[in-house]
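Asks: A structural model of the following input is requested.
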Amino acid sequence: MLLATVGLIPFLAAAQSSPAYTIQGAVRTTTDAPVVGATIVLEGTQFGTTSDVTGTFTLDLKQKPSQGSALSVSCIGYKTKRIPLTESNAAISVVLEEDNNLLDEVVVIGYGSVQKKDLTGSLSSIDGGAILNRQTQTVSMALQGAMPGVTVTRTNSAPGQSATIRIRGITSMTEGASDPYVLIDGVPGNLSDLNLTDVANITVLKDAASASIYGSQAAAGVILVTTKRGGNSGTSVTYNYTLGLDFPTSMPDYMNAVDYMKAVNELNYNDFPGGGWYQTYTKDVVDNYWNLNREDPDKYPNTDWLSLLLKDYAVRQSHNVSFRSGSAKRSTSLNFGYDDVDGLFTKNLSWKRYTLRLNNDFELFKWMKASADISLRKTDKVNPHTSPSAQMRYIPAIYAATLSDGRLCGRERGQQ
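Replies: Here you go, the predicted model:
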């Protein structure tokens, strides 16, 4: 009887876990070669599978797909294909076409440019459109999470604050030695000097081969920035305006004056129970504090330091005017940018940046070309002498900030 029971349990489990609907098929190339590792997903769900070494796949579903459902078949180097499902349960044959555009994409490297399919070094690339869509204040912040192997960290979110970029981790204990080497149109520069609308492409050289071109300066990697040129497609004028609002992600709830006095009394009682519960603040003051506050708010305040120092939101806006003109012999690109970012502090926190970039290209002879570029940047930055971020979290609500007549409350007046 024991043997029969043990043999019956796996059978029942298998019967209960059997799929309600199964889709089978094969994925092949245009030359009838199997596609290994193709991803097959039922659109709108998280149910999916991959093709095996023969290109075949089996997708088990808990229920029959609804009418109009389709499979999404994708693989690196191939164009994604959508396969509508029919009523019949016949095997599905999928033919994937190579994505030649992806392989033929031109990537800027240290000594020129090359197509992706011919690359042998380790690098990552992102175009200016993807950078601009991130709607960040600086180019360095726009690279966060955009490239594999490139670590971007921020110590704070102050207006105009740049991020720290690490390509090979921390390579030296010397300050600044772990920063990558930045080249803007072949000239050493800083990512903070760039306006997002100026960027046409960013390529990051991550392996040690870049040191053969740039020497020891490339010990921590190289960032190559290509800015937009005039081209030869005629004349165009573009204006872009961006408006954004910055909100605190989440803020904790802080104690009011009464809760603070109760907590202090409890703290002192735990340290010295013999002194009683009301060692610092008397019972009469704690129980009647709100009445005392209404009668004399200067002597019995309840200050919300968080609302006093922080705004609910901060406004940031960007204006960009671009002029491009070009022909077969010469081209010009002129871009002016203005960024105005306000901080969350009620006062003394703002960042304004003015940028101007002029790129000129000339064909002097068939065998000679010349470029003349000008880049200007001016920044107006206002920061408090000491950040109140820490103080506003720890100053108790029983200390007043201003008196009822509008005067600032000094230390001797604020203490009870």
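
Asks: residue nearest the centroid of this protein?
Replies: Nearest residue to the geometric centre of the chain (Cα atoms, centre = their mean): Q144, 4.7 Å.

Asks: That one touches S162, doesn't it?
Replies: No: if you go by Cβ atoms under 8 Å, Q144 and S162 don't touch, sitting 11.4 Å apart. The C-beta positions use only the backbone N, C-alpha and C, and glycine is treated the same way.

Asks: Could you grab the helix/strand/coil label for the residue nearest to the centre of the chain?
Replies: coil (DSSP: H, G, I helix; E, B strand; the rest coil).

Asks: Skipping its backbone neighbours, what lies nearest it in space?
Replies: V152 (3.9 Å; Cβ to Cβ, 6 or more residues apart in numbering).

Asks: secondary structure element for that neighbour?
Replies: According to DSSP states H and E, V152 maps onto strand 151-153.

Asks: How about residues contacting that strand?
Replies: By Cβ atoms under 8 Å, 6 or more residues apart in numbering, the list of residues contacting strand 151-153 from outside reads 140-141, 143-145, 163-167, 169.

Asks: rerun that using 6 Å as the cut-off
Replies: Residues outside strand 151-153 that contact it (Cβ atoms under 6 Å, 6 or more residues apart in numbering) are 143-144, 163-166.

Asks: what comes up buried for that strand?
Replies: For strand 151-153, burial by neighbour count (16 or more other Cβ atoms under 10 Å) applies to 151-152.

Asks: same thing with stretch 315-332?
Replies: Neighbour-count burial for stretch 315-332, counted by 16+ other Cβ under 10 Å, picks out 316, 318, 320, 322, 324-326, 331-332.

Asks: in the sheet, who's paired with the closest residue to Y78 other than its chain neighbours?
Replies: Computed as Cβ to Cβ, 6+ apart, the closest residue to Y78 that is not its neighbour in sequence is L96, at 4.1 Å. Counting by DSSP bridges, L96 is bridged to T29.

Asks: distance of L96 from E295?
Replies: Going from L96 to E295 by Cβ to Cβ, to the nearest Å gives 80 Å.

Asks: ok, back up a step: out of the buried residues of stretch 315-332, list just those in strands.
Replies: 316, 318, 320, 322, 324-326, 331-332 (DSSP state E).

Asks: if we can go back for a sec, and the contacts of strand 151-153 as JSON lines, adding distance to F345?
Replies: Shown next, in JSON lines, are the contacts of strand 151-153 (distance: Cβ to Cβ, whole Å):
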{"residue": "L143", "distance to F345": "27"}
{"residue": "Q144", "distance to F345": "24"}
{"residue": "A163", "distance to F345": "21"}
{"residue": "T164", "distance to F345": "23"}
{"residue": "I165", "distance to F345": "27"}
{"residue": "R166", "distance to F345": "29"}
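
Asks: on that earlier part again, after the strand holding V152, which helix or strand is next? Please name it.
Replies: Going down the chain from strand 151-153, the next helix or strand is strand 164-166, by DSSP H and E.

Asks: So which other helices or strands are in contact with that next one?
Replies: Counting contacts by 3 or more Cβ pairs under 6 Å, 6 or more residues apart in numbering; DSSP states H and E, strand 164-166 is packed against strand 151-153.

Asks: Skipping adjacent residues, who's closest to L71 in space?
Replies: For L71, the closest residue by Cβ to Cβ, 6+ apart turns out to be I83, at 4.4 Å.

Asks: shaky segments in the stretch 301-416 of the chain?
Replies: For the stretch 301-416 of the chain, applying pLDDT under 70 flags the ranges 410-416.

Asks: Please enumerate the helices of it.
Replies: Remark: helices assigned in the stretch 301-416 of the chain by DSSP state H, counting those that start in this stretch are 305-309, 391-394, 411-414.

Asks: Flag the shaky bits of the stretch 101-250 of the chain, pLDDT-wise.
Replies: Judged by pLDDT under 70, the stretches of the stretch 101-250 of the chain that qualify are 101-121, 171, 176.

Asks: one more time with 80, if that's ok
Replies: Along the stretch 101-250 of the chain, segments meeting pLDDT under 80 span 101-123, 155-157, 160-161, 168-177, 207-218, 232-233.

Asks: More neighbours: which of L96 and E295?
Replies: Ranked by neighbour count (other Cβ atoms under 10 Å), L96 and E295 place L96 first, with 20 against 10.

Asks: contacting residues around L403?
Replies: 298, 409.

Asks: If you tally nearby residues, what's the number for V187?
Replies: Using other Cβ under 10 Å, V187 is surrounded by 10 other residues.

Asks: Look up the closest residue to it, ignoring the ones flanking it.
Replies: Nearest-residue entry for V187: D373, 7.9 Å, with adjacent residues in sequence omitted and distances by Cβ to Cβ, 6+ apart.

Asks: What are the buried residues along the helix or strand where Q24 lies?
Replies: Of the helices and strands defined by DSSP H and E, Q24 is found in strand 21-29. Residues of strand 21-29 classed as buried: 23, 25-28 (neighbour count, 16+ other Cβ under 10 Å).

Asks: just to revisit the earlier point, for the residue nearest to Y78, what are its contacts?
Replies: By Cβ under 6 Å, 6+ apart, the residues touching L96 are 35, 78, 81.
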